[in-house]
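Student: got a predicted model here, sequence first, then my questions.
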Amino acid sequence: MSLYSTDTIFALASAPGRGGVQVIRLSGPAAGTALPALTRRPLPPPRRATLARLHDQAGEVFDQALVLWFPGPDSFTGEDVAELHLHGGRAVLAAASEALTAQGLRVAEPGEFSRRAFEAGKLDLTEAEAIADLVDAETAAQRRQALRQMEGALGALYEGWRHRLVRALAHLEADIDFPDEDLPHGLAPAVVPVLTGLYQEIGVHLADGHRGERLRDGFSIAILGAPNAGKSSLLNALARRDAAIVSSTAGTTRDVIEVNLDLGGFPVILADTAGLRDAADEIEREGIRRALARAERADLKLLVLDCSTWNIGDMAEATLALADGDALVVLNKRDLCTYVPSMVAGRTAIAVSAATGEGLADLLAALERIVGDRLMPGAAPSLTRARHRQALEDCRAALARALRADLPELAAEDVRLAARALGRITGRVDVEDLLDVIFRDFCIGK
Ligand SMILES: Nc1nc2c(ncn2[C@@H]2O[C@H](COP(=O)(O)OP(=O)(O)OP(=O)(O)O)[C@@H](O)[C@H]2O)c(=O)[nH]1
Ligand SMILES: [K+]
Ligand SMILES: [Mg+2]
């Protein structure tokens with residue numbers, strides 16, 4: 001049972017502020033009386049936009065609006081739902097809100113509409129999470145991933161796996177109840193390939209380089225290098241705005257400065273950091289500590305060298321010491337150098353000038369290629385949250401235990417745990433404790 005099922009809730013479904021049209025959504029048993037009370041007319045035909053004058057408690061008309069009526073269970077929440085498409089001004093919204101409150105409706109909690117939809121079985125949890133992701137999507141690739149998940153691709157994958165486990169469990173239980181004395185102890189032969197197959201499939205799904213999670217959260221790139229290499233200048237040039245202070249004083253940047261970029265539809269968080277050197281100043285040393293910490297957790301390091309000093313040992317040393325598989329060398333200040341090498345420390349170097357813009361298109365193209373390779377969704381839907389990853393790891397651990405078990409009773413218990421771990425992702429089993437956490441991150445009106 002829903003905690004709220006007797007309440008009728010309402011909320012602004014559109015963004016707050018002034019606008020041409022604002023939508024207020026109502027859901028719950030009183031929606032079907034609240035709407036006629038506002039319009040002073042019978043309910044309109046279901047799912048048909050109808051123009052109506054809206055009245056407050058005192059009978060004063062406060063707006064002329066489009067109203068829609070979605071009787072349950074064929075509505076978003078499964079309950080009776082109504083929508084008011086109002087003129088989007090503060091006074092109109094305030095009047096509507098007062099009129100609804102006066103009728104005993106209450107303002108919805110964040111995510112409460114989606115939670116009701118989940119509790120009515122209209123959505124599984126992955127679909128509900130995808131609604132939040134779709135609303136938050138800032139790039140095309142994020143939007144596509146969210147839509148695919150919202151349409152049920154991810155939930156269907158996990159439910160398919162869970163059904164296979166439930167069937168295997170039925171086999172195991174039949175064996176326990178009606179043992180075949182001729183068979184050796186251990187798992188029924190029909191069950192082993194199902195468990196090993198799933199163990200492997202889930203392993204492949206998990207080893208996706210965190211594609212879906214990165215696509216959702218943004219791919220993180222850290223700009224690193226010696227003081228005055230032009231890191232902040234490069235950040236500003238790539239972001240096309242003055243996000244970071246640039247000056248000829250070495251040690252200008254201390255805090256990590258982030259900008260969001262859309263690289264070919266993929267979301268990137270680009271971070272400028274303090275120049276790396278043996279600093280005497282305490283604040284600068286803290287800045288360098290933060291730079292190195294950011295380097296550690298970045299998905300890609302952009303190692304920026306000044307093209308006139310790239311081969312002077314201690315200028316480049318600290319920077320190149322950070323080079324690993326995930327690093328790209330950039331030689332900046334191309335405009336000041338007559339010669340720029342194409343390789344540095346065995347890596348291809350991209351020559352740019354943050355000042356003139358030369359080479360930035362090449363750098364952006366290289367970044368787009370790297371980010372695209374790392375985030376491009378595969379044929380199967382990607383898992384998008386640490387929550388999914390944890391449950392899949394639990395499932396896999398339980399499968400491994402089941403395969404090692406030497407009594408069918410023990411194997412059955414682990415298969416049951418494995419199926420339950422999958423069920424937690426879609427919300428098919430005991431998830432009450434999870435719901436608050438998941439729906440809390442939604443905004444009001446969803
Ligand atoms: N000619 C030329 N000057 C540049 C270029 N990029 C940066 N500069 C100059 O180099 C100096 C240092 O630039 P910043 O962007 O502050 O360098 P930084 O690496 O962020 O320096 P710190 O924050 O101190 O570590 C400034 O005077 C910039 O104007 C470039 O491509 N060409
Ligand atoms: K500087
Ligand atoms: Mg700087």
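Tutor: That came through fine. Just so we're clear, the structure is a prediction, and the values are computed from it rather than from any experiment. Numbers count the residues shown, from 1 in each chain. Ligands and ions are numbered 1, 2, ... in the order given.

Student: worst-scoring helix or strand of this structure, pLDDT-wise?
Tutor: Here the helix or strand of the chain ranked lowest by mean pLDDT, DSSP states H and E is helix 432-440, holding a mean of 61.

Student: let me know the pLDDT of the closest residue to ligand 2 within the stretch 1-150 of the chain.
Tutor: Scanning the stretch 1-150 of the chain for proximity to ligand 2 using CB to the ion identifies E138 as nearest, at 30.1 Å. C-beta here means a position set from N, CA and C on the backbone, and glycine is covered the same way. At E138 the predicted local confidence, pLDDT, stands at 94.

Student: tell me the contacts of it?
Tutor: With contact set as CB atoms under 8 Å, 6 or more residues apart in numbering, E138 has these partners: N260, D262, P267.

Student: same deal with A188?
Tutor: Contact analysis of A188 by CB under 8 Å, 6+ apart lists H171, L172, D175, P408.

Student: hang on, it in a strand?
Tutor: No. Assignment of A188 by DSSP: H, G, I helix; E, B strand; the rest coil gives coil, placing it outside any strand.

Student: quick one: pLDDT of it?
Tutor: 72.

Student: and if you look at the one 10 residues further on?
Tutor: The predicted local distance difference test score for L198 is 97.

Student: which SS class is the residue of the stretch 1-150 of the chain closest to ligand 2?
Tutor: The three-state label given to E138 by three-state DSSP is coil.

Student: A141 is in what secondary structure piece?
Tutor: Secondary structure from DSSP states H and E places A141 in helix 140-150.

Student: stretch 336-356 close to ligand 1?
Tutor: Yes. Stretch 336-356 lies within reach of ligand 1 by CB under 6 Å from any ligand atom, at L336, S353, A354, A355.

Student: just give me the longest helix of this structure.
Tutor: Taking DSSP state H as the criterion, the chain has its longest helix at helix 153-177.

Student: contact residues of the stretch 201-350 of the chain facing ligand 1?
Tutor: Counting by CB under 6 Å from any ligand atom, the positions of the stretch 201-350 of the chain adjacent to ligand 1 are 225, 227-233, 246-248, 250-253, 274-275, 332-333, 335-336.

Student: now a ChimeraX select for only the buried ones of these.
Tutor: Provided next is the ChimeraX selection string for whichever of those are buried by 16 or more other CB atoms under 10 Å:
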select :225,227,228,229,230,231,232,233,246,251,252,253,274,275,332,333
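
Student: going by proximity to ligand 2, name the top residue of the chain.
Tutor: Evaluated by CB to the ion, the chain has T252 as its residue closest to ligand 2, separated by 3.6 Å.

Student: what residue in this structure comes nearest to ligand 1?
Tutor: Distances from the chain to ligand 1, computed as CB to the nearest ligand atom, single out G275 as the nearest residue at 2.5 Å.

Student: taking the residues of stretch 336-356 next to ligand 1 together, which two end up most distant?
Tutor: For the residues of stretch 336-356 next to ligand 1, the maximum inter-member distance is 11.3 Å, found between L336 and A354 (CB to CB).

Student: can you tell me the SS state at I245?
Tutor: Reduced to three states by three-state DSSP, I245 is coil.
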